[in-house]
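J.: coordinates for the following, if possible.
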Amino acid sequence: MNDLLIRNARLVTSELVSIAVKNGKIAAIGSELEAMAFETRDALGRVVMAGLVEAHCHLDKNLTLERVGNSSGTLMEAITNWVAYKPSLTHGDYYDRAVAGLELALVNGVTALRSHVDVGVVGGLRALEAVGEARAKFADVMDVQLVALGMAGVSDAETAIMQAAMNAGADIVGGCPWITPDPRAAVTAVIDLAAKTGKPI
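T.: Alright, predicted model coming up:
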C-alpha cells in the first residue's frame with residue numbers, strides 16, 4: 001500500500017501521469033498506473049518536476065537590505081555596510097532570518113541550497129551556528145550546504161576561525177581573496193585548509 005497517489009500530474013514532457021509515493025519516495029509513475037494508497041490527490045494537470053537548486057545564496061545576510069542600505073547599488077558598498085552592521089546581530093536574528101529564507105526557498109520549489117555564511121574574528125561563528133540550526137529544522141525536506149566564508153590567510157586569527165568553522169560543521173571552505181590585502185596568500189590558505197580538513201573549496 002502506498003502512502004500517497006497523485007493523479008493527473010503533468011511531466012515536463014507534457015504527459016499526464018499518476019505518481020505513487022511510499023515512505024517519502026516515488027514508488028511508481030505511469031499514465032495508466034493502478035495503485036492503492038492511503039491518500040489520493042488530484043494535481044489537476046499541474047507540472048511536476050525535480051526540486052530546484054539554489055546554488056549560491058547568503059542566508060546570514062538574508063532580509064537585511066532595508067537595515068544595511070546600499071545607496072550606490074555596488075558590491076563594495078554592500079560589503080562595507082555589512083561589515084559595519086554585522087557586530088550588532090544576535091544569534092536569534094541570524095536564525096530567524098535564515099529560517100525565513102529557507103521557508104521562502106522551499107515554497108518556491110527549492111529542495112537543495114548552498115549558502116555562504118560569514119565567519120571571522122568579528123562575529124566569530126555566531127552566524128554559522130545560527131544558520132546551522134536553521135538548516136537542521138529543514139533537514140527532512142531540503143539539502144543545505146554551508147560554505148564558511150572567511151578571511152583565511154589574512155591573519156593567524158582569521159585562519160584559526162576558518163578552521164573552527166570547518167570543525168563546527170561547515171561543508172565547504174570559502175573565501176573572498178579579491179578583497180584581501182594579499183589575494184595569493186588567501187588562496188593558498190584556503191587550499192591548505194581544504195587539504196587539511198578533506199573538504200571542498
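J.: next one: the biggest helix by length in the chain to chain centre, how far?
T.: Of all the segments of type helix in the chain, defined by DSSP state H, the longest one is helix 91-107. In terms of CA atoms, centre = their mean, to the nearest Å, the centre of helix 91-107 is set 10 Å apart from its chain centre.
J.: which elements pack onto it?
T.: Identification of packing neighbours for helix 91-107 by 3 or more CB pairs under 8 Å, 6 or more residues apart in numbering; DSSP states H and E yields strand 52-57, strand 110-118, helix 126-137. The way it works is simple: take the backbone N, C-alpha and C, and place the C-beta from them, glycine included.
J.: try 10 Å
T.: Contacts defined by 3 or more CB pairs under 10 Å, 6 or more residues apart in numbering; DSSP states H and E place helix 91-107 against strand 52-57, strand 110-118, helix 126-137, strand 143-150.
J.: ok, residue 149 touching residue 177?
T.: No. If you go by CB atoms under 10 Å, residue 149 and residue 177 don't touch, sitting 11.6 Å apart.
J.: can you give me the angle the longest helix of the chain makes with strand 52-57?
T.: 150 degrees (axes from the mean of the first three to the mean of the last three CA atoms, to 10 degrees).
J.: send over helix 91-107 as CSV, restricted to the C-alpha atoms.
T.: Taking C-alpha atoms only, helix 91-107 is exported to CSV below (Å, rounded to 0.1, in the frame of the first residue of the first chain):
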residue,chain,number,x,y,z
HIS,A,91,22.2,34.5,17.2
GLY,A,92,18.4,34.8,17.2
ASP,A,93,18.3,37.4,14.5
TYR,A,94,20.5,35.2,12.2
TYR,A,95,18.4,32.2,13.0
ASP,A,96,15.0,33.8,12.3
ARG,A,97,16.1,35.3,9.0
ALA,A,98,17.7,32.0,7.9
VAL,A,99,14.5,30.1,8.7
ALA,A,100,12.5,32.8,6.8
GLY,A,101,14.9,32.4,3.8
LEU,A,102,14.7,28.6,3.8
GLU,A,103,10.9,28.8,4.0
LEU,A,104,10.7,31.1,1.0
ALA,A,105,13.0,28.8,-0.9
LEU,A,106,11.0,25.7,-0.1
VAL,A,107,7.6,27.1,-1.0
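J.: how about it: buried residues?
T.: Across helix 91-107, burial judged by 16 or more other CB atoms under 10 Å covers 93, 94, 95, 97, 98, 99, 101, 102, 105, 106.
J.: I appreciate the help and will end here.
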